[in-house]
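Q: next comes the sequence, and after it the predicted model I'd like to discuss.
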Amino acid sequence: MKIADLITWFEAWANPAWCESWDNSGWQIEPGVLQEKARVLVCLTPTLAVMQEAIALNANLIFAHHPLIFTPLKSLRTGEAIAEMLRLGFTHNIGIYSAHTNFDQVQDGTADVLAQILELKEVTPIVPTQGGLGYGRVGLLEPFLTLQELLVAIQTRLAPPNLIFSPSADLQQTISRVAVLGGSGASYISAVAKTGAQAYLTSDCKFHQFQESRDRNLILIDAGHYATERPACDRLVQKFQSLNLDWVQLSKKDEDFRQFFA
């Protein structure tokens, strides 16, 4: 499959027209690779380490969730990461394509994969957008779990380096309805509270957002940006493999930019 055909297939599934106005999904670098057979390295975040990995593996497309270019550039200078990525992309004929808020909404996208990992049933979007799709997912646990069992399941299945949750008087309380949203989902707390969810798994939550959740009788669980979105990248590799591409692999140089001192 040529890169042009792969992008056409992907955009029929996750239409870039669904992206938010502030987003920058789509081609970040396209050095003239559209007619080449697709050799794809999938990652969460395009970084210099991922670019070096792509060069070593003879990949010609880095398919990322996060955009390389998010705000308008005012300059490109030697020694700057984005400038170096652009230089290497054009030098080695490696494109970078990002699927961000459009990929968040679709089936098998960032939120949907989280819901599948927790084995939620009767799943619906937290905030519907179009055609049964939307941001986040909320569904039922079957069987119900205690809060402690839910936290153990999240730790086991997502392996976050640090798991933060809002204060609870009883770790043995029964949890039946859970909401999930990969990445920075604190702005959806109000919408989640309206769904009747008892717990909400997301990331990048601030101090007062935990307070807000407590005041709304919602248990906020922060597993980190990387841990909540990386699984969807793995699923994307599986979907690409079903297309019989020349070569596709999940990046081994993708990284969580946070470390926690033991």
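A: Right, received. Where do you want to start? Numbering: from 1, shown residues only.
Q: residues contacting residue 232?
A: Residue 232 sits next to 65, 103, 108, 109, 110, 112, 113, 114, 182 when contact means Cβ atoms under 8 Å, 6 or more residues apart in numbering. C-betas here are computed from N, CA, C, even on glycine.
Q: ok, so of the residues you listed, who is nearest residue 159?
A: Each of these was scored against residue 159 by Cβ to Cβ, and residue 114 proved nearest at 13.6 Å.
Q: what helix or strand does the closest one sit in?
A: helix 110-117 (DSSP states H and E).
Q: returning to that earlier point: among the contacts of residue 232, name the buried ones.
A: Among the contacts of residue 232, those scoring as buried are 65, 103, 109, 110, 112, 113, 114, 182 (criterion: 16 or more other Cβ atoms under 10 Å).
Q: reformat those residues as a markdown table; add pLDDT and distance to residue 143.
A: Shown next, in a markdown table, are the buried ones among the contacts of residue 232 (pLDDT from 0 to 100; distance: Cβ to Cβ, whole Å):
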| residue | pLDDT | distance to residue 143 |
| --- | --- | --- |
| 65 | 98 | 32 |
| 103 | 98 | 31 |
| 109 | 97 | 26 |
| 110 | 98 | 26 |
| 112 | 98 | 22 |
| 113 | 98 | 21 |
| 114 | 98 | 19 |
| 182 | 97 | 24 |
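Q: and which of those is nearest to residue 92?
A: residue 65 (21.7 Å).
Q: apart from its chain neighbours, what residue comes closest to that closest one?
A: Leaving aside its sequence neighbours, residue 65 sits nearest to residue 44 (Cβ to Cβ, 6 or more residues apart in numbering; 5.2 Å).
Q: can you give me phi and psi for that neighbour?
A: phi -80, psi -50 (degrees, to the nearest 10).
Q: can you tell me how far it is from residue 257?
A: Residue 44 sits 10 Å away from residue 257, going by Cβ to Cβ, to the nearest Å.
Q: likewise residue 81?
A: On the measure of Cβ to Cβ, residue 81 and residue 257 end up 12 Å apart.
Q: all helices for the stretch 1-150 of the chain, in order.
A: Using DSSP state H, counting those that start in this stretch, the helices found in the stretch 1-150 of the chain span residues 3-13, 48-57, 81-92, 101-105, 110-117, 147-158.
Q: and these as a markdown table, adding distance to residue 130?
A: A markdown table is the format used below for the helices of the stretch 1-150 of the chain (distance: least, Cβ to Cβ, whole Å):
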| stretch | distance to residue 130 |
| --- | --- |
| helix 3-13 | 13 |
| helix 48-57 | 31 |
| helix 81-92 | 32 |
| helix 101-105 | 8 |
| helix 110-117 | 15 |
| helix 147-158 | 28 |
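Q: of all those, which one comes closest to residue 261?
A: Across those, closest to residue 261 is helix 147-158 (Cβ to Cβ), at 18.5 Å.
Q: list the contacts of the closest residue in space to residue 157 that isn't next to it in sequence.
A: Once flanking residues are discounted, residue 157 sits nearest to residue 117: 5.2 Å by Cβ to Cβ, 6+ apart. Applying Cβ under 8 Å, 6+ apart, we find residue 117 in contact with 157, 158, 231.
Q: neighbour count: residue 44 and residue 257, which is higher?
A: residue 44 (25 against 9; other Cβ atoms under 10 Å).
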